[in-house]
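Engineer: Have a look at this fold, sequence not included:
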């Protein structure tokens, strides 16, 4: 692995202050486009980070578990109050896998990249808080205090609504090539090689002017309150952002929450979704995979008896909530490594489906 600053054995100075504001994203007006962003509106969770106090990158997929284990052991020395709940403080992502042809657009994000922001603003139970981070020594305490004072003096108190209007977009995508790949997938399923495989296709969208990243984030979260809105911005300005309804896993202590999200219909077809054989079979495949995987990691695994409907702006999904109590010593990194990719985004049998994607999809899924 390579780092911009050493992490293993490194100690960090951190400080925290309450912030007289209501929206972490509003800091973009004074601090610029965030380096990282995460928000789940209905859960009242939101965090935005600026700058990079440290970066850890994995050069190959085999290094990812060691990276995650190292980050979990980050040593922070707080100046003053210690926050009750601190998101992160490391934010990052991992490549989907060795799918398709390498795409230069994903080069800046690499195999895996994790950032410790210089400044982190997040939503608490009573408002907002800001934390700053710096390496211990070399004036680290002064750096932390200076960053906190600068943010508190300049941070906007208003909510950051979307400001831009509609724009004309041009889209480019090869629908015929995608449909040909779908036919090959159906043939593989009919022959018994696969039970399910999830194909993706790329759509290139171009506007008349550079996109306002903050405006895109503001609009995504307003239009998709049941989703997690996210941003990861690389140093060259390349941004990976979007809104997703799916949580691979959430670990707090030894309590694990995850979900099977598969089976999709248009909103006007929602009531019949649970009666569609194809969607029910696809959903059950994801549930079985997650339960079987977690039984090797957890002592108690439970799932909803029947899938519920998750209604979003433009689609409806079947959703089964799954909960487990992890065995002593099992880390979030182990859970991620075991679960991802689930049949909801890959297929089943897993290895055969992933091999099919590498051979036929012709697409770099990146992160």
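Structural biologist: Yep, that arrived. Everything quoted here is computed from the prediction, not taken from an experiment.

Engineer: Could you list which residues are in contact with the closest residue to residue 11 other than its chain neighbours?
Structural biologist: Computed as C-beta to C-beta, 6 or more residues apart in numbering, the closest residue to residue 11 that is not its neighbour in sequence is residue 136, at 4.3 Å. No exception for glycine: its C-beta is placed from N, CA and C like everyone else's. When the contact criterion is C-beta atoms under 8 Å, 6 or more residues apart in numbering, the partners of residue 136 are 10-13, 77.

Engineer: min pLDDT across those residues, which one?
Structural biologist: The member of the contacts of residue 136 with the lowest pLDDT is residue 10, at 78.

Engineer: hang on, isn't it packed against residue 134?
Structural biologist: No. The pair residue 10 / residue 134 is not scored as a contact, 11.1 Å apart, by C-beta atoms under 8 Å.

Engineer: And these two? Which one has more around it.
Structural biologist: Using other C-beta atoms under 10 Å, the more surrounded residue of residue 10 and residue 134 is residue 134, with 23 against 16.

Engineer: Can you report phi and psi for the more buried one?
Structural biologist: phi -160, psi 150 (degrees, to the nearest 10).

Engineer: So what sits opposite it in the bridge?
Structural biologist: residue 13 (DSSP bridges).

Engineer: from what I can see it touches residue 146, true?
Structural biologist: No. Using C-beta under 8 Å, residue 134 makes no contact with residue 146, being 9.3 Å away.

Engineer: Show me the shaky parts of this protein.
Structural biologist: 1-9, 98-101 (pLDDT under 70).

Engineer: Quick one: the helices in it, in order.
Structural biologist: Applying DSSP state H to the chain gives helices spanning 28-31, 64-72, 140-154, 175-190, 213-223, 277-294, 332-339, 350-360.

Engineer: Please tell me how far the residue nearest to residue 11 sits from residue 52.
Structural biologist: Relative to residue 52, residue 136 is positioned 17 Å away (C-beta to C-beta, to the nearest Å).

Engineer: Please apply the same query to residue 135.
Structural biologist: Separation of residue 135 from residue 52 (C-beta to C-beta): 12 Å.

Engineer: What of residue 334?
Structural biologist: In terms of C-beta to C-beta, residue 334 sits 27 Å off from residue 52.

Engineer: so how many other residues sit close to the closest residue to residue 324 other than its chain neighbours?
Structural biologist: Sequence neighbours aside, residue 298 is the residue nearest to residue 324 in space, at 3.7 Å (criterion: C-beta to C-beta, 6+ apart). A count of neighbours around residue 298, defined by other C-beta under 10 Å, yields 21.

Engineer: Contacts only, for residue 298.
Structural biologist: 256, 324-327, 330 are the contacts of residue 298 under C-beta under 8 Å, 6+ apart.

Engineer: and what of residue 343?
Structural biologist: Contact partners of residue 343, counting by C-beta under 8 Å, 6+ apart, are 196, 198, 262, 282, 285-286, 289, 350, 353.

Engineer: how does it look with 6 Å?
Structural biologist: Neighbour list for residue 343: 196, 285-286, 289 [criterion: C-beta atoms under 6 Å, 6 or more residues apart in numbering].

Engineer: which one of these is nearest residue 303?
Structural biologist: The shortest approach to residue 303 among these belongs to residue 286, at 10.8 Å (C-beta to C-beta).

Engineer: correct me, but that closest one touches residue 262?
Structural biologist: Yes. Assessed by C-beta atoms under 6 Å, residue 286 is found in contact with residue 262 at 4.5 Å.

Engineer: Give me the common contacts of these two.
Structural biologist: Jointly contacting residue 286 and residue 262 under the rule C-beta under 6 Å, 6+ apart are residue 344.

Engineer: Apart from its neighbours in sequence, what residue is nearest residue 256?
Structural biologist: Spatial nearest neighbour of residue 256, chain neighbours left out: residue 324 (4.5 Å); criterion: C-beta to C-beta, 6+ apart.

Engineer: neighbours of the one you found, just the number please.
Structural biologist: Residues near residue 324, counting by other C-beta under 10 Å, number 25.

Engineer: mind listing what it touches?
Structural biologist: Counted by C-beta under 6 Å, 6+ apart, residue 324 has contacts 256, 294, 298, 301.

Engineer: Just the buried residues from the contacts of residue 136, in PyMOL please.
Structural biologist: Here is the PyMOL command that selects only those of the contacts of residue 136 that count as buried (16 or more other C-beta atoms under 10 Å):
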select buried, resi 10+12+13
